[in-house]
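**Student:** the sequence and its predicted three-dimensional model are supplied below.
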Amino acid sequence: MFLKACAVVMETGGHLSHGSIVAREFGLPAVVNVRGAMSAIKDGQKIVVDGDEGKVFLQ
């Protein structure tokens, strides 16, 4: 999935979790520990991920 991903948003975890480490290796922006992400983001919905600021914006 990481080969097709543009960014990573995880509901749990930290900067040393597997998802964030793999995202860094692939050069993808990642935001972790986003409570409620799975219920707020719908399948196919476009989002903007600002990995530098740690913010996710719904479109």
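**Tutor:** In hand now; what should we look at? Numbering: from 1, shown residues only.
**Student:** what's the burial count for the nearest residue to Lys55 once chain neighbours are set aside?
**Tutor:** Spatial nearest neighbour of Lys55, excluding adjacent residues (CB to CB, 6 or more residues apart in numbering): Val31 at 6.8 Å. For every residue, glycine as well, the C-beta is placed using N, CA and C. Applying other CB atoms under 10 Å, we find 21 residues neighbouring Val31.
**Student:** next one: the one 3 residues further on
**Tutor:** When neighbours are defined as other CB under 10 Å, Val34 has 18 of them.
**Student:** distance of it from Ala23?
**Tutor:** Between Val34 and Ala23 the distance, using CB to CB, to the nearest Å, works out to 13 Å.
**Student:** contacting residues around the most centrally placed residue in the chain?
**Tutor:** Taking CA atoms, centre = their mean as the criterion, Val9 is the residue nearest the geometric centre of the chain, at 1.8 Å. With contact set as CB atoms under 8 Å, 6 or more residues apart in numbering, Val9 has these partners: 30-32, 34, 37, 41, 47, 49, 56.
**Student:** make JSON lines out of the residues you listed and add pLDDT, distance to Lys4 and secondary structure.
**Tutor:** Below are the contacts of Val9 laid out as JSON lines (pLDDT from 0 to 100; distance: CB to CB, whole Å; DSSP: H, G, I helix; E, B strand; the rest coil):
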{"residue": "Ala30", "pLDDT": "95", "distance to Lys4": "15", "secondary structure": "strand"}
{"residue": "Val31", "pLDDT": "96", "distance to Lys4": "18", "secondary structure": "strand"}
{"residue": "Val32", "pLDDT": "95", "distance to Lys4": "20", "secondary structure": "coil"}
{"residue": "Val34", "pLDDT": "95", "distance to Lys4": "20", "secondary structure": "coil"}
{"residue": "Ala37", "pLDDT": "95", "distance to Lys4": "19", "secondary structure": "helix"}
{"residue": "Ile41", "pLDDT": "96", "distance to Lys4": "16", "secondary structure": "coil"}
{"residue": "Ile47", "pLDDT": "96", "distance to Lys4": "15", "secondary structure": "strand"}
{"residue": "Val49", "pLDDT": "97", "distance to Lys4": "15", "secondary structure": "strand"}
{"residue": "Val56", "pLDDT": "97", "distance to Lys4": "18", "secondary structure": "strand"}
